[in-house]
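quick one: sequence and predicted model below, then my questions.
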Amino acid sequence: MEESEKLCTIKIDGKPVSVREGTTILEAGRKLGIEIPNLCFHPALEPYGVCRVCIVELRRGKRVRVVTACNFPVQGDDLEVFTNSEMIARDRRTVIELLLARCWSSQVVREFAARFGIFDTDLEKTVGEECTLCGRCVNVCRDLIGQAAIGFEGRGSDRKTAAPFRKPTEECIGCGACVYVCPTGCITMEDMPTERMIDRWMVDLPILKCRECGRGFGTVRQLEILKSRHPSIRLYLEKCPECRSEELGQALFVKAPVKEAAGAR
């Protein structure tokens with residue numbers, strides 16, 4: 001989301017704050033030290049607004065609205081935001097109960113709900129599901145990695161994240177980005193001596209080994225894709241992060257005395 005140079009002054013929970021027009025309410029709140037609860041937001045991804053936990057009450061004159069703070073842009077000066085009004089507290093509790101019912105098996109979701117005094121729900125519980133449908137895995141794969149190897153399937157309570165047709169796909173390069181951004185840990189990755197496994201997508205790919213130490217890091221498919229996009233980084237990706245770091249440290253150590261000698265002249 002692009003920001004303009006125009007500054008807007010708004011109030012959040014009675015506190016004034018000046019931000020650039022286009023700044024989200026979530027970002028404006030953080031500037032004041034007000035942390036609006038959320039589950040689907042990730043700073044590396046475009047705001048999705050799907051978990052609905054970050055809802056806030058927005059008032060402009062006599063008009064009152066409920067919006068998601070993570071993707072609602074600030075525009076104008078006559079804006080008042082309430083992050084925990086009676087209406088928002090009620091609606092947020094309902095949203096969290098729905099998430100708790102869907103992801104009853106998720107320790108992360110249960111701990112999150114407990115922060116709001118919600119330890120149980122009368123709604124029908126789904127046992128064995130930990131995915132909140134936050135969309136982080138789908139969005140990081142499509143928008144940052146550029147592969148779109150996974151997506152959503154089904155509707156309503158049957159909606160899930162999955163590989164196409166629930167079969168292994170050649171689009172997955174086994175980078176693990178989906179694992180790193182998942183807020184509940186329901187996507188797991190395991191590096192074996194010769195292969196990397198990501199269980200949720202049924203991925204089993206040959207592992208890439210460092211040409212210096214022989215340790216596994218990344219996958220062969222990952223290197224192939226990156227080399228095709230950026231041929232100049234081939235050698236960089238043939239060594240593990242530890243060996244690259246050690247090589248860089250040695251290079252800096254060798255260059256340092258040269259710089260000192262040059263400065264002494």
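Now that the structure is in, tell me what you want to look at.

and the next helix or strand past whichever strand or helix holds Phe152?
Taking DSSP states H and E as the criterion, Phe152 maps to strand 151-153. Scanning forward in sequence from strand 151-153 by DSSP H and E, the next helix or strand is strand 160-162.

so what does that next one touch, helix or strand wise?
Applying 3 or more C-beta pairs under 8 Å, 6 or more residues apart in numbering; DSSP states H and E, one finds that strand 160-162 contacts strand 151-153. Just so you know, the C-beta spots here come from the backbone N, C-alpha and C atoms, and that holds for glycine as well.

for the strand it packs on, what is the average pLDDT?
In this model, strand 151-153 has an average pLDDT of 94.

likewise stretch 57-67?
Across stretch 57-67, the average pLDDT comes to 94.

got the contact list for Lys15?
Lys15 makes contact with 32, 34 under the criterion C-beta atoms under 8 Å, 6 or more residues apart in numbering.

can you rerun that using 6 Å?
Shown in contact with Lys15 (C-beta atoms under 6 Å, 6 or more residues apart in numbering): Leu32.

one step back: sheet partners, orientation included, of the strand holding Phe152?
Strand 151-153 pairs in its sheet with strand 160-162 (antiparallel), by DSSP bridges.

quick check: Gly49 touching Val66?
No. Counting by C-beta atoms under 6 Å, Val66 is not a contact partner of Gly49; they are 11.9 Å apart.

Gly146: neighbouring residues, count only.
11 (other C-beta atoms under 10 Å).

actually Pro47, not the one I typed
Neighbours around Pro47, by other C-beta under 10 Å: 22.

how about it, what does it touch?
70-71.

if we go to 7 Å?
24, 41, 70-71 (C-beta atoms under 7 Å, 6 or more residues apart in numbering).
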